[in-house]
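Novice: Quick one, fold the following:
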Amino acid sequence: MEYAKTRDIIHVMKMLGHRNIQNTLIYTQLVNFQSDEYYSAVAKTVDEARKLVESGFTFVCDIEGMKVFSKRK
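Specialist: As a prediction, this is how the structure comes out:
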């Protein structure tokens, strides 16, 4: 689940204490990380955008001067 949040395989490898990345890859393939459900949010200011990114949201696009972000549920 940590890999689903961070998408950082090296971080997960170190977190699990694996010496060989192949062991970590086995575990990341056991879980279906894909979901069709998302949370969405709109940022009107730079501070709002920063807070969304810090909480795991990913930038999607600009619409009418606002930034749209999403995060898997």
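
Novice: which residue ranges form the strands in this protein?
Specialist: 38-43, 58-63, 66-72 (DSSP state E).

Novice: could you give the angle of the longest one to strand 38-43?
Specialist: What it means is strand 66-72. Using axes from the mean of the first three to the mean of the last three C-alpha atoms, to 10 degrees, the direction of strand 66-72 lies 160 degrees away from that of strand 38-43.

Novice: partners of strand 66-72 in the sheet?
Specialist: Strand 66-72 has the following strand partners under DSSP bridges: strand 38-43 (antiparallel), strand 58-63 (antiparallel).

Novice: who's in contact with that strand?
Specialist: Strand 66-72 is touched from outside by 4, 33, 35, 37-44, 49, 52-53, 55-62, with contacts defined as C-beta atoms under 8 Å, 6 or more residues apart in numbering. Backbone N, C-alpha and C define where each C-beta goes, glycine included.

Novice: hey, which of the strands of the chain is tucked in deepest?
Specialist: Among the strands of the chain, ranked by average contacts under mean count of other C-beta atoms under 10 Å, first place goes to strand 66-72 (a mean of 16).

Novice: can you redo the strands of the chain as a markdown table with distance to residue 29?
Specialist: Shown next, in a markdown table, are those (distance: least, C-beta to C-beta, whole Å):
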| stretch | distance to residue 29 |
| --- | --- |
| strand 38-43 | 22 |
| strand 58-63 | 22 |
| strand 66-72 | 17 |
